[in-house]
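*Asks:* Predicted coordinates and the sequence they were generated for:
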Amino acid sequence: MLEETLKWRLTYKPEEIRWAIAIEGETGKVYRANFHDREGRTVLVLRPAKQNTSSHDNQLRHLVYLIENAILNLPEGQEQMLWLIDFTGWSLSNAVPVKTARDTANILQNHYPERLAASFLYNPPRIFEAFWKIVKYFLDPKTFQKVKFVYPKNEESIELFHKYFDVEILPVEFGGKNKIQYDHEEFSKLMLKDDIKSASFWGLNEKSAQIDHTTNGEVTPEPSHIAAQAG
């Protein structure tokens, strides 16, 4: 897995993806939350009904960008993140294609193993069961066990959910008391700052990071340089 991931990173270059991919995030379909779980871990919020594009490749690049960003912002001593998936307004008509769901699962499992602590599917509609019957076959047993269904009227699932999250910091769409809304402009400012931090971490200079905002991720340092950083 390590060998395959190194090969993937050399070709896909996830550390070079910049917020030039911002159009994918305009509706807030995926973003890094400004709150953490009870253990202080980074949280990604996914709202599949907010899908706003049709590019398979860019959707994956956007998600990989945010996974990398979530890892970059993990508190010291933490190595895992959590996903909160809000199914408000979701239907089969706005669901991502099965190919995108499959490739998402493959990237997460094969190239970010054990980065996911848990994924909470909040209030999925009954029709989602048909989609889930297909998607679940893409998940390995370990990942499958990390997927938790949460229904507002199911006390057992809510109790488990609240073991991970304080209701005071949870957004209202997840049954919490936090009325914060996704602000694309403010989030973009945060991501632009993190792009500089990411460039520094990976040994890319600030100029490279800034250029990449206008070249759609085409800054390509020598592979040996990235391999050395990974080592």
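*Replies:* Yep, that arrived. Numbering: from 1, shown residues only.

*Asks:* When you work out contacts or count neighbours from here on, use the C-alpha atoms and nothing else.
*Replies:* Will do.

*Asks:* Tell me which stretches of the protein form helices.
*Replies:* Using DSSP state H, the helices of the chain run over residues 2-12, 56-72, 98-111, 128-135, 141-146, 155-164, 184-201, 206-215, 223-230.

*Asks:* Of all those, which one is nearest Val30?
*Replies:* helix 56-72 (7.3 Å; C-alpha to C-alpha).

*Asks:* Check which helices and strands that closest one is in contact with.
*Replies:* strand 30-32, strand 42-46, helix 98-111, helix 184-201 (3 or more C-alpha pairs under 8 Å, 6 or more residues apart in numbering; DSSP states H and E).

*Asks:* 7 Å instead, please
*Replies:* strand 30-32 (3 or more C-alpha pairs under 7 Å, 6 or more residues apart in numbering; DSSP states H and E).

*Asks:* Can you name every helix or strand that the strand it packs on contacts?
*Replies:* Packed next to strand 30-32, using 3+ C-alpha pairs under 7 Å, 6+ apart, are strand 42-46, helix 56-72.

*Asks:* so of those, which one's packed in deepest?
*Replies:* When the helices and strands packed on strand 30-32 are scored by mean count of other C-alpha atoms under 10 Å, the highest mean neighbour count falls to strand 42-46 (a mean of 23).

*Asks:* Let me know the angle separating that one from helix 56-72.
*Replies:* 160 degrees (axes from the mean of the first three to the mean of the last three C-alpha atoms, to 10 degrees).

*Asks:* contact partners of strand 42-46?
*Replies:* 29-33, 36, 70, 74, 81-86 (C-alpha atoms under 7 Å, 6 or more residues apart in numbering).

*Asks:* if we go to 6 Å?
*Replies:* The contact list for strand 42-46 (C-alpha atoms under 6 Å, 6 or more residues apart in numbering) reads Lys29, Val30, Tyr31, Arg32, Ala33, His36, Leu74, Met81, Leu82, Trp83, Leu84, Ile85.

*Asks:* What of stretch 132-145?
*Replies:* Arg102.

*Asks:* could I get it in CSV with only the CA atoms?
*Replies:* Extracted in CSV, the C-alpha atoms of stretch 132-145 (Å, rounded to 0.1, in the frame of the first residue of the first chain):
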residue,chain,number,x,y,z
TRP,A,132,-25.9,2.5,-0.2
LYS,A,133,-26.4,-1.1,-1.4
ILE,A,134,-24.1,-0.3,-4.3
VAL,A,135,-21.6,1.9,-2.5
LYS,A,136,-21.0,-0.4,0.5
TYR,A,137,-19.4,-3.0,-1.7
PHE,A,138,-16.6,-0.5,-2.4
LEU,A,139,-15.7,-0.3,1.2
ASP,A,140,-13.2,-2.6,3.0
PRO,A,141,-14.4,-4.1,6.3
LYS,A,142,-12.5,-1.6,8.5
THR,A,143,-13.9,1.4,6.6
PHE,A,144,-17.4,-0.1,6.6
GLN,A,145,-17.4,-0.3,10.4
